[in-house]
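In: Could you work out the structure for the sequence below:
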Amino acid sequence: MDSKCIHSLKGIGILGVVLVHCGLGMQEGVLGSISACGARGVQLLFIINGFLIFHSLDKIEWNKQQIIAWYKRKFIRLIPLYWFFTILHLLVFGVGERYYLGTLSKVSPLNILCNMLFLHGFHPYYIGSINANWFMADLAMFYLLAPLLYKIIDSLEKSVLALLIITPLGYVLYHVALGWNVLAVKEIWIDYVTIVSFPSELPIMLLGIFSYFMVKESFKWKNKGMISVVTLLFALFCMISLVMGKRYFMIFNYIFSFGVLFAVLFIGQVQYPLKVINNSFFATFGKHSYGIYLSHTFLLPIIPKNNSVLQSFIRYCVIVMMALFIAIVSEKIIEKPVIRFFNKKLFDTKLKCNT
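Out: Alright, predicted model coming up:
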């Protein structure tokens, strides 16, 4: 597996996320439509994580000790930067009112505790109220369930069956849930049900699992270069049609449709990485995508918005570069030392800082 290709795809995903958070999706015309679709970079990141998690589980011996060690590696990798930026967010922005708190007056101690323990995904008013941490809630839940899923979905055939059964069932259930009068702020309930909750993103993660088995079976394939080019062109064509508002390629909704296209793109590129995607520029951002995701929201209020397209793009570039710098520094002075500390003080096994 080409790690540079994986990092490059992560880089594309995180650049898209920052793009939409910078507000470029609010611009009119084609630029605004393209920028708004940057939000789908989250789905690309989920697909990559689904692939990598199954890839890592394939390397361990299936006994209690090895599974516990796997959990340790994964969560120790997440905790240092996640806790640091969560605490920093509360120190910088306080615990006062914000949109995703809904009817709650402030960020409560229970909300903070749930965020720190990756349990905030179970509460619609908690999941996105601190530093857009909903991605971390869903990722942590997937980590917890991954060994069980790995034992159940152990072949390409079963990954296809899981997609074909769970995905339509999930979308039927979420349409039912949208009719429930659960929250006073209906918009937050809609976001929770359709985008930010773990069940809403599970089909995307299943696409990551499907991609893992497709790549695993690909040793039989010939003409991988041609497959890489064709899958790239196909995915781009279909994505452009979605951006233009056409429904030529629509499965359930935009999120899942982009997820399918990202899976096609991912499978092709892992087989035969093309320079247009697999390059040092994207790989640099992908290698530090975790820190960029956690840190870029701090920069959004600091650098003022501007209605000019050019100045908005310059603002985006500045935020991206500053977030990259913060990510590199925080990894060096926080993440790696803390992981080494946990390794030395709490565990006997040697844990790698980059997994």
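In: what's the longest helix in this structure?
Out: For the chain, the helix with the greatest residue count under DSSP state H is helix 64-93.
In: Toward the C-terminus, what is the element adjacent to that one?
Out: helix 109-116 (DSSP states H and E).
In: packing partners for that following helix?
Out: On a contact count with 3 or more Cβ pairs under 8 Å, 6 or more residues apart in numbering; DSSP states H and E, helix 109-116 meets helix 64-93. C-betas here are computed from N, CA, C, even on glycine.
In: elements contacting the longest helix of the chain?
Out: helix 41-57, helix 109-116, helix 134-152, helix 289-299, helix 309-330, helix 336-345.
In: With mean neighbour count, distance to T167 and mean pLDDT added, can I get the ones you listed in CSV?
Out: Output for the helices and strands packed on helix 64-93, formatted as CSV (neighbours: other Cβ atoms under 10 Å; distance: least, Cβ to Cβ, whole Å; pLDDT from 0 to 100):
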stretch, mean neighbour count, distance to T167, mean pLDDT
helix 41-57, 23, 13, 95
helix 109-116, 17, 28, 96
helix 134-152, 19, 14, 95
helix 289-299, 23, 26, 95
helix 309-330, 17, 33, 92
helix 336-345, 14, 36, 83
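In: In a markdown table, list those helices along with distance to K72.
Out: Listed next are the helices and strands packed on helix 64-93 as a markdown table, based on distance: least, Cβ to Cβ, whole Å:
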| stretch | distance to K72 |
| --- | --- |
| helix 41-57 | 12 |
| helix 109-116 | 17 |
| helix 134-152 | 11 |
| helix 289-299 | 18 |
| helix 309-330 | 21 |
| helix 336-345 | 8 |
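In: quick one, which of those helices is nearest to L242?
Out: helix 41-57 (12.4 Å; Cβ to Cβ).
In: hmm, back to that, now for the helices and strands packed on helix 64-93, which one comes closest to Y248?
Out: The nearest among the helices and strands packed on helix 64-93, by Cβ to Cβ, is helix 41-57 at 19.2 Å.
In: ok now that closest one, how far from the chain's centre?
Out: In terms of Cα atoms, centre = their mean, to the nearest Å, the centre of helix 41-57 is found 8 Å from the chain centre.
In: So what angle separates the directions of that helix and helix 134-152?
Out: Counting by axes from the mean of the first three to the mean of the last three Cα atoms, to 10 degrees, helix 41-57 lies at 40 degrees to helix 134-152.
In: Helix 41-57 to helix 289-299, inter-axis angle?
Out: 150 degrees.
In: ok, now which ones touch the nearest residue in space to L183 that is not next to it in sequence?
Out: Nearest residue to L183, sequence neighbours excluded (Cβ to Cβ, 6 or more residues apart in numbering): W189, at 4.2 Å. Contacts for W189 (Cβ atoms under 8 Å, 6 or more residues apart in numbering) come out as 124, 178, 180, 182-183.
In: Need the max-distance pair from those.
Out: Pairwise over the contacts of W189, using Cβ to Cβ, the maximum falls at P124 and L178, 12.8 Å.
In: And these two? Which one has more around it.
Out: P124 (23 against 13; other Cβ atoms under 10 Å).
In: Mind jotting down where the strands sit in the stretch 101-250 of the chain?
Out: Remark: strands of the stretch 101-250 of the chain are absent; assignment by DSSP state E, counting those that start in this stretch.
In: so where's it uncertain?
Out: Applying pLDDT under 70 to the stretch 101-250 of the chain picks out no residues at all.
In: To M250, which of the helices and strands packed on helix 64-93 lies closest?
Out: It is, among the helices and strands packed on helix 64-93 and with distance given as Cβ to Cβ, helix 41-57, at 14.8 Å.
In: got the angle between the closest one and helix 64-93?
Out: Using the same axes, to 10 degrees, helix 41-57 lies at 150 degrees relative to helix 64-93.
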